[in-house]
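Participant: Quick one, what's the 3D model for this:
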Amino acid sequence: MTLRGLTWDHRRAVDPLLGALAGLDVQWDRQPLSGFEHASIEALARRYDLIVFDHPHVGDIVAAGCFAPVEAAAGAEADYIGPSLASYRMAGHVWGVPIDAACQVAVYQPAALARLEADVPRRWDEVVALGRRARARGHWLAMALRDIHGLMTLFTLCANLGRPCATDPALPFADRATAQAALEALAVVAVLCPPEAFAWNSIAVQDAMAARDDLVYCPAVYGFATYAEGDRGLRFADLPGPEGPAGSTIGGAGLGVSAHARDPAAALDFARRCAAASTQHAFALHHGQPAHAAAWADVALDARFDGFFGATRATQAAAWIRPRYAGYPAFQRQAGPLVERHLRGALDATTLIDRLQALHERGARP
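Facilitator: A predicted model of the protein is given here:
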């Protein structure tokens, strides 16, 4: 039987599955990044045997009973970089095999940075100083500020400052002073970015940085190793948080097995193959960004991606897991535009935090 799978529509997601696992009987459909972030996971599980998904859906998966546990296939947490496997663990089971690891890191254009005779920032105050220097020369910083991407950076900065946002909807959403400080830090950088930043997601900002010569540096974006591969020309660095590289909001992707899979044994076996160190090494050879720790430590792979893995490993290892409670994806969908409105100057910080708290509380209701 041919299994039916769903992944997201980018070569980082598609090429590893088609190239590293060629010959296995899986028909892969693709959805855009926005679908990957927002789709109803229960509905997808009724249509597909295998689903590449984002770990914030885990709470909904457990509540709906729509995936099969995959701990028998996944291996141990120590096999993976940072909290990759932990992000898919809930209610005594693992619901996804980590096949892609990412978090918010810095990315820069070496030629643009050289023109400013500037070093890669290591702390947030250095980012602001670089941005002001860039603006004086007609250059810009860059950020992905569209929809949920500003929310992810708010999460990252709160965690970096030592008081992460709550992952339990029964607790207050955020320490108000910390959230205020994080929003101020984010807003200072946002005004040093071009207006187009409000139309950019993680892919779009890196596309723009690869294509333009006036975008110098982005302090926090979900890193794509493919932009350091070959002639793409971008370089990456650890998160320049106010308190160093810790607390970046983990992203990445996992492979789930539907509870409705037509051939559960074959689907679980495919997941087991994806968890193997040799497979994840091969993922990187097909433009992927593996989650396996051995791949992140591989010197040859690091060289292939111009130092991406070595330059961001400390950030990935110290990443923070955002909320995953049942109903959280709905919070994310509604909260992202609110953060964007604040950064555009249409919503003050106090009102924003109040509204985020109200949305967060809804997750505690049956």
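Participant: Got phi/psi on Gly75?
Facilitator: Here the main-chain torsion angles of Gly75 (degrees, to the nearest 10) amount to phi 90, psi -160.
Participant: Next, the contact list for the nearest residue to it once chain neighbours are set aside, please.
Facilitator: Among residues not flanking Gly75 along the chain, Ala275 sits closest, at 5.2 Å (C-beta to C-beta, 6 or more residues apart in numbering). All C-beta atoms are positioned from the backbone trio N, CA, C, and that covers glycine. Taking C-beta atoms under 8 Å, 6 or more residues apart in numbering, we find Ala275 in contact with Ala73, Ala74, Gly75, Asp79, Val97, Pro98, Ile99, His292.
Participant: go on, Pro83?
Facilitator: Per C-beta under 8 Å, 6+ apart, neighbours of Pro83: Glu77, Ile250, Ala319, Trp320, Ile321.
Participant: Check those for burial and list the buried ones.
Facilitator: Ile250, Ala319, Trp320, Ile321 (16 or more other C-beta atoms under 10 Å).
Participant: so for stretch 85-94, what's the average pLDDT?
Facilitator: Per-residue pLDDT over stretch 85-94 has a mean of 98.
Participant: got the end-to-end distance for it?
Facilitator: 8 Å (C-alpha to C-alpha, to the nearest Å).
Participant: Residues contacting that stretch, please?
Facilitator: Contact with stretch 85-94 is made by 55, 58-59, 62, 69-71, 74-77, 79, 95-98, 250, 252, 254, 291, 321, 324, as judged by C-beta under 8 Å, 6+ apart.
Participant: Repeat the analysis, applying 6 Å as the threshold.
Facilitator: Contact with stretch 85-94 is made by 55, 58, 62, 69-71, 74, 77, 95-96, 98, 250, 254, 321, as judged by C-beta atoms under 6 Å, 6 or more residues apart in numbering.
Participant: Just give me the residue closest to the centre of this structure.
Facilitator: In the chain, the C-alpha nearest the mean C-alpha coordinate belongs to Gly251, at 2.7 Å (C-alpha atoms, centre = their mean).
Participant: Report pLDDT for that one.
Facilitator: Model confidence at Gly251, given as pLDDT, is 96.
Participant: Next: the one 10 residues further on.
Facilitator: At Ala261, the model reports a pLDDT of 97.
Participant: count of neighbours near Arg163?
Facilitator: Using other C-beta atoms under 10 Å, Arg163 has 17 neighbouring residues.
Participant: Next, give phi and psi for it.
Facilitator: Dihedral angles phi and psi of Arg163 (degrees, to the nearest 10) take the values phi -130, psi 80.
Participant: The chain - how does it break down into domains?
Facilitator: Here the domain parsing of the chain from automatic domain parsing is 3-102+250-307, 104-248+327-362.
Participant: Now do the strands in the chain.
Facilitator: 3-8, 26-31, 50-53, 67-68, 89-90, 93-94, 97-100, 104-108, 140-141, 215-222, 235-237, 253-258 (DSSP state E).
Participant: just to revisit the earlier point, and the contacts of Ala275, which is closest to Tyr227?
Facilitator: Using C-beta to C-beta, Ile99 is the member of the contacts of Ala275 that lies nearest Tyr227, at 19.3 Å.
Participant: least trustworthy helix or strand in the protein by mean pLDDT?
Facilitator: helix 33-38 (a mean of 66; mean pLDDT, DSSP states H and E).
Participant: quick one on the thing from earlier: Trp95 versus the residue nearest to the centre of the chain, what's the distance?
Facilitator: Counting by C-beta to C-beta, to the nearest Å, the gap from Gly251 to Trp95 is 16 Å.
Participant: ok, now Phe198?
Facilitator: Taking C-beta to C-beta as the measure, Phe198 falls 34 Å from Trp95.
Participant: Which one's more surrounded, those two?
Facilitator: Trp95 (28 against 18).
Participant: what's the offset of stretch 288-301 from the middle of its chain?
Facilitator: 17 Å (C-alpha atoms, centre = their mean, to the nearest Å).
Participant: Buried residues, it. List them.
Facilitator: Gly288, Gln289, Pro290, Ala291, His292, Ala293, Ala295, Trp296, Asp298, Leu301.
Participant: and it, how far apart are its ends?
Facilitator: 11 Å.
Participant: one step back: Serialize the strands of the chain to a markdown table and add fields for distance to Asp168 and mean neighbour count.
Facilitator: What follows is these, written out as a markdown table (distance: least, C-beta to C-beta, whole Å; neighbours: other C-beta atoms under 10 Å):
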| stretch | distance to Asp168 | mean neighbour count |
| --- | --- | --- |
| strand 3-8 | 28 | 22 |
| strand 26-31 | 30 | 15 |
| strand 50-53 | 22 | 26 |
| strand 67-68 | 22 | 24 |
| strand 89-90 | 12 | 18 |
| strand 93-94 | 19 | 20 |
| strand 97-100 | 23 | 27 |
| strand 104-108 | 22 | 27 |
| strand 140-141 | 34 | 24 |
| strand 215-222 | 24 | 28 |
| strand 235-237 | 32 | 22 |
| strand 253-258 | 22 | 28 |
